[in-house]
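*Asks:* Got a sequence here, can you model it:
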Amino acid sequence: MKPGIHPAYGPVVFRDKAADFAFLTRSTATSDKTIEWEDGQVYPVIDVEISSQSHPFYTGTARVLDTAGRVERFERRYGSKP
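*Replies:* Sure thing, here's the model as predicted:
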């Protein structure tokens, strides 16, 4: 890698306030806010709106749309062309 052209890559805490969930990872993203982590170190924290703990797909609360039922209901309501 060329020196001096890449952003700093270091530990960052991503926090999902809706699910009261946080995880420590490495990223080039930075923040002025900080948080004291479980290991006693202070890391920058980035608040996110959705994480794996609050996203419907990962929590199992996602709804599946029945498109075949929609078509049948439309044809019953408005009739199909002869």
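
*Asks:* Mind jotting down where the helices sit in the protein?
*Replies:* Assigned by DSSP state H, the chain shows helices spanning 56-59, 67-78.

*Asks:* Quickly, which of these bottoms out on average pLDDT?
*Replies:* Of all those, the minimum mean pLDDT falls on helix 56-59 (a mean of 61).

*Asks:* lowest average confidence, helix or strand, in the chain?
*Replies:* Every helix and strand of the chain was ranked by mean pLDDT, DSSP states H and E. The lowest is helix 56-59, at a mean of 61.

*Asks:* wait, isn't residue 28 in contact with residue 11?
*Replies:* No - using Cβ atoms under 8 Å, residue 28 is not in contact with residue 11; the gap is 11.4 Å. Using the backbone N, CA and C atoms, a C-beta is placed for each residue, glycine as well.

*Asks:* number of nearby residues for residue 39?
*Replies:* 7 (other Cβ atoms under 10 Å).

*Asks:* again, but for residue 13
*Replies:* The number of residues packed near residue 13 is 22, by other Cβ under 10 Å.

*Asks:* If it is in a bridge, with which residues?
*Replies:* Beta-bridge partners recorded for residue 13 (DSSP bridges): residue 24, residue 45.

*Asks:* check contacts around it.
*Replies:* By Cβ atoms under 8 Å, 6 or more residues apart in numbering, the residues touching residue 13 are 22-24, 35, 37, 43-46.

*Asks:* Buried subset of those residues, written for PyMOL?
*Replies:* Remark: buried members of these, expressed as a PyMOL selection using 16 or more other Cβ atoms under 10 Å:
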select buried, resi 22+35+43+44+45+46
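
*Asks:* which of the contacts of residue 13 lies closest to residue 7?
*Replies:* Closest approach between the contacts of residue 13 and residue 7, by Cβ to Cβ: residue 44, at 13.3 Å.

*Asks:* My guess is that closest one contacts residue 30. True?
*Replies:* Yes - counting by Cβ under 8 Å, residue 44 touches residue 30, with 5.8 Å between them.
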